[in-house]
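Novice: please work out how this folds:
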Amino acid sequence: MSETTDPVGPDPEVVPSQRRLRLTSVVPVWLLAVVGSVLVLTLTQKDSFAWLLLVFVAAVFVSFVLQLATQTKDGLVERISIASSGSFVVVFVTALILLVR
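Specialist: Alright, predicted model coming up:
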């Protein structure tokens, strides 16, 4: 059997790999969540949970912006859910630390 290529479809070299897209669009969101959580832990005395909620909302918003900026619809929901769940884990651990101290 011979393989046929789709003359209308995109060139495989032009479309970036899904793994590279995940790294470049998910890791910055996680870093934002970590930096924001550390800032909340170190700088806030009152209303720490409100600031922590703001960090999570900002991380989710940035994840949407980064995913839309990639202009690649393949795997969009997967990348947004990975970025958001990672941010949630970071914020959740920070909330537990705030409860203990």
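Novice: for the rest of this, base every contact and every neighbour count on C-alpha atoms.
Specialist: Fine.
Novice: ok now stretch 74-84, how far from the chain's centre?
Specialist: Remark: stretch 74-84 is offset 8 Å from the chain centroid, using CA atoms, centre = their mean, to the nearest Å.
Novice: begin at 29 from here
Specialist: Okay, residue one is now 29; in that scheme the one you just asked about reads as stretch 102-112.
Novice: now that stretch: mean pLDDT?
Specialist: Averaged across stretch 102-112, pLDDT comes to 90.
Novice: what sits up against it?
Specialist: Stretch 102-112 is contacted from outside by 46, 50, 53-55, 57-58, 87-88, 91-92, 95, using CA atoms under 8 Å, 6 or more residues apart in numbering.
Novice: can you tell me which of these is nearest V68?
Specialist: Within the contacts of stretch 102-112, the smallest distance to V68 is 14.0 Å, found for A87 (CA to CA).
Novice: give me the distance from the worst-scoring helix or strand of the chain on mean pLDDT to the chain's centre.
Specialist: One helix or strand of the chain scores below all others by mean pLDDT, DSSP states H and E: helix 46-71, with a mean of 90. Between the centre of helix 46-71 and the centre of its chain there are 7 Å (CA atoms, centre = their mean).
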